[in-house]
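Asker: Provide a 3D model corresponding to the input given below.
(chains A, B and C)
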Amino acid sequence: MSEHSTSSSLKTYVAIWIALLVGTALTVYASGLDLGRFNAAVALVIATIKATLVALFFMHIKGSSEKLTKLVVISALFFLLILLGLAMSDYATRAWT
Amino acid sequence: MSDSQVAAAHGEVNNPALLHHFAEPQQQRDASSLGMWAFLATEVMFFGGLFCAYLIYRLMYFGDFGAASKTLDVKLGATNTAVLICSSLTVVLAVWAAQTGRRMMLVGNLALTLILGMAFLGIKGVEYKEKFEKHHVPGASFQFQEKIPGHPDQYANPQHAQIFFALYFVMTGLHAVHMIVGIGIFVWLLFMAWKGRFTPEYNTPVEMGGLYWHFVDVIWIYLFPLLYLIDRHP
Amino acid sequence: MSMATAQAQTVGRENYLNKEYGVVSWLLTTDHKRIALLYLLSITFFFFIGGFFALLIRLELLTPAGDLVQADTYNKLFTMHGMVMVFFFLIPSIPAVLGNFLVPLMIGAKDLAFPRINLLSWYLYIIGGVMMLHCMLTGGVDTGWTFYTPFSTAFTNTKIVEAGLSIFVVGFSSILTGLNFVVTIHRMRAPGMTWSRLPLFIWAHYATSIIQLLGTPVIAITTVLVAVERTLHLGIFDPKLGGDPLLFQHLFWFYSHPAVYIMILPAMGVVSEIIACFSRKRIFGYSFVAFSSIAIAVFGFLVWAHHMFVAGISVYAALVFSLLSYAVAVPSAVKVFNWTATLYKGSIHYDAPMLYAFGFVGLFTMGGLTGLFLAALGIDVHVTDTYFVIAHFHYIMVGGAVMGYLGGMHFWWPKISGKLYPEGWAKLAALIVFIGFNLTFFPQFVLGYLGMPRRYYDYSHMPEFQVLNVLSTAGATILGVGYLLPMVYFLWSMRYGKPASDNPWNAAGLEWKTASPPPTFNFDEEPVVTWEAYNYDELDTGHKQEVHVVG
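Answerer: This next block holds a predicted model:
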């Protein structure tokens, strides 16, 4: 467990909370714009930023000296991306002649 | 040397929560933490299979998925997202309260988390009911007659739309099951907190419960844009 | 140490077996050693069931005509054989029995990190097992253990949902075991037990646990989707309703390929321990073997679509997966070379565990090399879905994993039971197993290459296959005898076997520094490790390492 000064922790938590709510509003707003194929990308980028904020600050990864936690998270994401990516490699190339 | 001096010299803490197979409380805490993170990794892969199926079909049937997604209520979805974000705040405040020995603040935040969690499920229930009334629940009575967004002369393929709704219900349903389990965990945490079982020296269950809750929040952070916000521009 | 203490150590010692008596003390135990024995009983039971189905399959295939059972029944036989053997025997076997027993001992811990979760994982296994038994007794499943869609979701009338849910439950048993091992190995090592001093058995189980954690959830969600699709008549995997059957295969094999590494990695760990002990040498290239275990776990996740080369995936994806499949063979080969190098100039002893280890190295190599044949797209097109594939994976699963399991059971039997098994019978059994195995499965390579399809109960269109099939069935009978023998003499040894000393093999490893059988909390005092792994030179020159005590 990491030690940090109490009031700065609370301030951080509230700031992140506000950032998450802003992000939610932003993603709803962006979905109403016509960005063509970038709509999905924008939505995913915002979602990833929000998820990262939750993981770093609410789940206390930031400030944790425990490298193992980060390794576990990165491994899970890595293998998820393998599943998505390599499966897509089949679907994306089926139409190629 | 007296017993307590010997104990202190050996770094033992008279901690009733210390399990016998651990040498010291920090080891037990570290084990719990790694265990919870490893479990969350399994959950990432569990939902990951659904995300894989969703990704593939969304790209295959983009128009039909867009039509289906448009029938979801963005206001309710966004509200639920906000509800969960607020509950993540109350969770992290509860953990802080446990770490700093503030029992009433801990109890209060755990209770708030529970209320927000149940609000989430309530709103989800409203959404499911609406889907049921519109015959959008996959199965024998499924009907879908909506146009593809941006193609006012083209109806969406009902079979493809049914795939969207199948994934919608499985993904949000699985998420809701995780919420229910989370609520169960937090009821137990609230009970233990009320009885004063958590102290600055021992509050691991609160922290671990918190990690689980945040994870369920993160899943929703992805589910919301993927399911609700596919094709919303005019 | 006082005289009284020294005496108490030898006579009528309390150990984990005699600490408490009664069924309840076993069913509610949190002692990892007792849980290991609970698993031993359970998986042996399912091994018999899976073996029984194999016997019926081989009996049917004695003649070209389908004359023993009906076609639908035969479909159920090979399906249940596969499901039971894969999910209820091979995947748990070494980790749940030997891993559970030895991991805490080998690292100097009192128990696993989460003993109650360990017990839960056994109960989940039992619940899944009961569900599978019920499923089998009320009609079974006929889709092949791979339950491909849309046959499994839209056409067959057999008990798919129940079988799928039983796999879901037993999958969680596997996940919890993996979770327990990862946390234990990271957090519970005794002072001085650094990563580079860990036995390779531990490295192997660590790698296995990573696969269990990250792979199993995917098949869990796949069984959920199959159950949902089947119950509600959805089209997630049904082409008539817009779904893609290949999506099922992608999700299924994403787990089921790494699953085969769950089955083989622990056996490789066992083999490392045995070869080191019976060559009286440190494993050559310890770091290479350790890291290759991790490499196998990681690379194993990258190759799953090599099961789908002819299913309809894109050729370009097939190329990528073929290349990756060649890559995954490299770390396995590294291990084989290192074991061989360990044997070189070693002082070889031919006790039964070593016979099994030798069998493993040879048979795994054959199985592994034939895997490379299958990874080549050109060959795979011809031999996929033939007996060539069946022979390939049985060489690895049976010639590899099961022999590793048996070798490990023999090696650690004195530690587990406190008794010595009869060495003469054990050597005989190992020989019978080796002969029986090769007679069963080598003809199947030939059969497959000649074109005999798998999952066919009637090959009367090619009656010339009969000779090889008869050889295979004869081999299976011999193999069965070979498997029964250890069950008999292990049981016999529990009552009549010679008592074992703490370290009858004079082997390296912390598990040998405590009594046989160990006390409930494993060590009288927490060990402090100051020596490297496989310190056989010290053990053999009689300079025993002293175990330093804390406090």
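Asker: Give me the below-cutoff pLDDT ranges for the chain.
Answerer: Looking at chain A here, since you left the chain open. Within chain A, the segments meeting pLDDT under 70 span A:1-7, A:97.
Asker: meant chain C, my bad for not saying
Answerer: Filtered on pLDDT under 70, chain C yields the residue ranges C:1-12, C:542-551.
Asker: residues near residue C:488, how many?
Answerer: Residues near residue C:488, counting by other CB atoms under 10 Å in any protein chain shown, number 11. Where C-beta positions appear, they are placed from N, C-alpha and C, glycine not excepted.
Asker: cool, the one 3 residues further on as well?
Answerer: When neighbours are defined as other CB under 10 Å, residue C:491 has 12 of them.
Asker: so where does it fall, helix or strand?
Answerer: helix C:466-496 (DSSP states H and E).
Asker: Which elements pack onto that helix?
Answerer: helix C:32-60, helix C:403-417, helix C:423-450 (3 or more CB pairs under 8 Å, 6 or more residues apart in numbering or on different chains; DSSP states H and E).
Asker: Now that helix: buried residues?
Answerer: Buried positions in helix C:466-496, judged by neighbour count with 16 or more other CB atoms under 10 Å in any protein chain shown: C:466, C:468-469, C:471-476, C:478-480, C:482-483, C:485-486, C:489-490, C:493.
Asker: for the residue lying closest to residue B:220 once chain neighbours are set aside, what are its contacts?
Answerer: Distances taken as CB to CB, 6 or more residues apart in numbering or on different chains place residue B:84 nearest to residue B:220, at 5.3 Å, with adjacent residues excluded. By CB atoms under 8 Å, 6 or more residues apart in numbering or on different chains, residue B:84 lies in contact with B:116, B:120, B:216-217, B:220-221.
Asker: The residue of the stretch 1-150 of chain C found nearest chain A: what's it in contact with?
Answerer: Per CB to the nearest CB, residue C:113 is where the stretch 1-150 of chain C lies closest to chain A, at 13.5 Å. Residue C:113 is in contact with B:21, B:31, B:35, C:180, C:183-184, C:187-188, counting by CB under 8 Å, 6+ apart.
Asker: Now do it against residue C:434, distance only.
Answerer: Applying CB to CB, to the nearest Å, the value for residue C:113 to residue C:434 is 38 Å.
Asker: picking up where we left off before, helix C:32-60 and the helix holding residue C:491, what's the angle between them?
Answerer: Computed by axes from the mean of the first three to the mean of the last three CA atoms, to 10 degrees, the angle separating helix C:466-496 from helix C:32-60 equals 150 degrees.
Asker: what does the helix or strand that helix C:466-496 is followed by rub up against?
Answerer: Using DSSP H and E, the helix or strand that follows helix C:466-496 in sequence is helix C:536-540. Identification of contacts with helix C:536-540 by CB under 8 Å, 6+ apart yields C:276-277, C:280-282, C:347, C:506-508, C:531, C:544-545.
Asker: likewise stretch B:43-55?
Answerer: Contact partners of stretch B:43-55, identified using CB under 8 Å, 6+ apart, comprise A:76-77, A:79-80, A:83-84, A:87-88, B:167, B:170-171, B:174-175, B:178, B:215, B:219, B:222, B:226, C:213-215, C:217-218, C:220-222, C:225, C:236, C:247, C:250-251, C:254.
Asker: can I get the contacts of residue B:84 in TSV with neighbour count and secondary structure?
Answerer: As requested, the contacts of residue B:84 are arranged in TSV below (neighbours: other CB atoms under 10 Å in any protein chain shown; DSSP: H, G, I helix; E, B strand; the rest coil):
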residue	neighbour count	secondary structure
B:116	19	helix
B:120	26	helix
B:216	23	helix
B:217	26	helix
B:220	24	helix
B:221	27	helix
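Asker: center of chain A - which residue?
Answerer: Relative to the mean C-alpha position of chain A, the nearest C-alpha, by CA atoms, centre = their mean, is the one of residue A:48, at 2.4 Å.
Asker: And the helices in the stretch 51-200 of chain C?
Answerer: Assignment of helices within the stretch 51-200 of chain C using DSSP state H, counting those that start in this stretch yields the ranges C:71-83, C:93-94, C:100-107, C:115-137, C:160-187, C:200-232.
Asker: tell me the angle of the helix holding residue C:491 relative to helix C:403-417?
Answerer: Relative orientation of helix C:466-496 versus helix C:403-417 (the same axes, to 10 degrees): 10 degrees.
Asker: Direction included, what does the longest strand along chain B pair against?
Answerer: Longest strand in chain B by number of residues (criterion: DSSP state E): strand B:151-155. Paired neighbours of strand B:151-155 in the sheet (DSSP bridges): strand B:147-148 (antiparallel).
Asker: what's the offset of the partner strand from the middle of its chain?
Answerer: What separates the centre of strand B:147-148 from the centre of its chain is 32 Å, taken as CA atoms, centre = their mean, to the nearest Å.
Asker: what residues does that strand touch?
Answerer: The contact list for strand B:147-148 (CB under 8 Å, 6+ apart) reads B:63-64, B:66-67, B:153-156.
Asker: for those, which one is nearest chain C?
Answerer: Chain C lies nearest to residue B:64 out of the contacts of strand B:147-148, by CB to the nearest CB, at 8.5 Å.
Asker: Same question for the closest one, what's its three-state structure.
Answerer: Secondary structure, DSSP: H, G, I helix; E, B strand; the rest coil: residue B:64 is helix.
Asker: Then residue C:19?
Answerer: Classification of residue C:19 by three-state DSSP places it in coil.
Asker: That one contacts residue C:520, doesn't it?
Answerer: Yes. Residue C:19 is within contact range of residue C:520, at 5.1 Å (criterion: CB atoms under 8 Å).
Asker: Have a look at the two and say which one is more surrounded.
Answerer: For residue C:19 versus residue C:520, neighbours defined as other CB under 10 Å are more numerous around residue C:520 (18 against 14).
Asker: Please tell me how far the more buried one sits from residue C:34.
Answerer: Separation of residue C:520 from residue C:34 (CB to CB) stands at 9 Å.
Asker: hmm, back to that, part of a strand, is the residue nearest to the centre of chain A?
Answerer: No. Using three-state DSSP, the secondary structure at residue A:48 is helix, not a strand.
Asker: So it versus residue A:56, what's the distance?
Answerer: In this view, residue A:48 and residue A:56 are 12 Å apart by CB to CB.
Asker: Show me chain A divided up by domain.
Answerer: Listed by automatic domain parsing, the domain ranges of chain A are A:1-64, A:66-97.
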